[in-house]
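S.K.: Have a look at this prediction, sequence included:
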Amino acid sequence: MGIVLGANQYGKAEVRLVHVDRSTPRHVLTDLNVSTHLRGAFDATYLTGDNAAVLATDTQKNTVYAFARKFGVGQPEDFAIRLAGHFVESQPQVSGAQIEIEQLPWARIDDHDHAFSRPGGERRTTTVTRDGDQLWVIAGLTDLVVLKSTGSEFHGFPRDEYTTLPETTDRILATSVTARWRYSSTHVAWGEIYPKIRAVLLETFAGTHSLALQQTLYAMGGAVLEQFGEVAEIRLSMPNKHHYLVDLEPFGLDNPNEVFLAGDRPYGLIEGQVLREGAPAAGPAWQFVPGFV
Ligand SMILES: O=c1[nH]c(=O)c2[nH]c(=O)[nH]c2[nH]1
């Protein structure tokens, strides 16, 4: 019984590309998950490990980023057609290509020029604690994903022998906000105040020129306490969803903060409480509430 190689394809899966069109102050954000698959005369690498025909998947990934800088992205269909054409037309052994693209949606926060939020995914939460006659109400939200394409810096941090992070005065700042706030009374119009607090969190994220995600966290919590006397304290957990500027120099291209790799993990995790001095005590309200300091 003979053994033969059947259908095959190979490529780079899930290239996380974030492109910022900064040609006007009103940034256009395109967030894609691109997978490339090449088909053609690749028997040799499977059968003998001869890679003479194998356009490396790393090269395919680089092509995605370089094309984003060279040509922009536009509609995902156009970007995919351009990539498929390039692979088939530039490599004689590549007879076909399949390019899959998922686009992650972003919406502007209050029609802001460079602050966005991700629709869907977010949840409103509450944790109510009763102990004897006493009652505490915590409200909040999880997974509110937000991004600023400028207006964020990070510098002035110590450098030791393990520090490689460059200082930056212009970076993408993105996070998935989990916030929980404790009301100081139980006489609150829950349904009316919730969207207002959410809106203050969003507008403070958008409006704060950030020198650190820590500073943004405190500003967001502080704004809620300033504007809502009913809130005794707020706790925030904000992963720093890193966006790495792609080095396009090897391809003769600059990258003026336009083409980013959206990292998955690891991520910075910035957490903190913002408290109103003299507010009623929390008692057991936070006991066993997950995800918080
Ligand atoms: O806003 C930030 N805070 C940090 O503590 C930190 N650390 C890091 O590597 N990048 C950042 N960004």
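M.R.: Nice, I can see it.
S.K.: Tell me how many other residues crowd the single nearest residue of the stretch 1-150 of the chain relative to the ligand.
M.R.: Of the stretch 1-150 of the chain, the residue with the smallest distance to the ligand, taken as Cβ to the nearest ligand atom, is Lys148 at 11.7 Å. C-beta: built from backbone N, CA, C; applies to glycine. Neighbours of Lys148 under the rule other Cβ atoms under 10 Å: 25.
S.K.: how about it, what does it touch?
M.R.: Residues in contact with Lys148 (Cβ atoms under 8 Å, 6 or more residues apart in numbering) are 114-116, 172-174, 205-206, 210.
S.K.: Can you say which of those are buried?
M.R.: 114-116, 172-174, 205-206, 210 (16 or more other Cβ atoms under 10 Å).
S.K.: In strands, which of these fall?
M.R.: 115-116, 173-174 (DSSP state E).
S.K.: quick check, nearest of those residues to Glu230?
M.R.: Nearest to Glu230 out of those is Ala115 (Cβ to Cβ; 26.5 Å).
S.K.: Flag every residue of the protein that's near the ligand.
M.R.: 154, 165, 212-214, 240, 268 (Cβ under 6 Å from any ligand atom).
S.K.: hmm, back to that, what would the buried ones among the contacts of Lys148 look like in a markdown table with pLDDT?
M.R.: Converted to a markdown table, the buried ones among the contacts of Lys148 look like this (pLDDT from 0 to 100):
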| residue | pLDDT |
| --- | --- |
| His114 | 98 |
| Ala115 | 98 |
| Phe116 | 98 |
| Ile172 | 98 |
| Leu173 | 98 |
| Ala174 | 98 |
| Phe205 | 98 |
| Ala206 | 98 |
| Ser210 | 98 |
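S.K.: for those, which one is nearest His86?
M.R.: Ile172 (26.8 Å).
S.K.: Run through the bridge partners of the residue nearest to the closest one when sequence neighbours are not counted.
M.R.: Nearest non-adjacent residue to Ile172, counting by Cβ to Cβ, 6 or more residues apart in numbering: His243, 3.8 Å away. Counting by DSSP bridges, His243 is bridged to Ala262.
S.K.: number of nearby residues for His243?
M.R.: With other Cβ under 10 Å as criterion, His243 counts 22.
S.K.: swap in Lys241?
M.R.: By other Cβ under 10 Å, 20 other residues sit near Lys241.
S.K.: Please apply the same query to Glu77.
M.R.: 10.
S.K.: Could you pull up the residues touching the residue in the chain that the ligand sits nearest to?
M.R.: Of all residues in the chain, Leu213 sits closest to the ligand, at 3.5 Å by Cβ to the nearest ligand atom. Leu213 makes contact with 173, 175, 238, 240, 268, 270, according to Cβ under 8 Å, 6+ apart.
S.K.: Now do the same for it: its pLDDT.
M.R.: Listed pLDDT for Leu213 reads 98.
S.K.: Okay, it and Arg108: tell me how far apart.
M.R.: Look at Leu213 and Arg108: by Cβ to Cβ, to the nearest Å, they are 21 Å apart.
S.K.: From start to finish, how long is stretch 107-127 in a straight line?
M.R.: 29 Å (Cα to Cα, to the nearest Å).
S.K.: list the buried ones in it?
M.R.: 109, 112, 114-118, 122, 127.
S.K.: cool, stretch 210-230 as well?
M.R.: By neighbour count on 16+ other Cβ under 10 Å, the buried set for stretch 210-230 is 210, 212-213, 215-221, 223-225, 228.
S.K.: correct me, but Tyr183 touches Glu230?
M.R.: Yes. Between Tyr183 and Glu230 there is a contact at 5.3 Å, judged by Cβ atoms under 8 Å.
S.K.: With only the CA atoms kept, save the longest strand belonging to the chain in CSV.
M.R.: Determined from DSSP E, the single longest strand within the chain is strand 134-148. Provided in CSV are the C-alpha atoms of strand 134-148 (Å, rounded to 0.1, in the frame of the first residue of the first chain):
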residue,chain,number,x,y,z
GLN,A,134,-26.9,45.9,56.5
LEU,A,135,-26.9,46.1,52.7
TRP,A,136,-24.1,47.1,50.2
VAL,A,137,-24.5,47.5,46.5
ILE,A,138,-21.6,47.3,44.1
ALA,A,139,-22.2,48.0,40.4
GLY,A,140,-19.9,47.9,37.5
LEU,A,141,-19.0,46.7,34.1
THR,A,142,-16.5,44.3,32.5
ASP,A,143,-14.7,44.1,29.2
LEU,A,144,-15.3,47.6,28.0
VAL,A,145,-12.6,47.7,25.3
VAL,A,146,-11.2,51.2,24.4
LEU,A,147,-8.3,52.5,22.4
LYS,A,148,-6.6,55.8,21.7
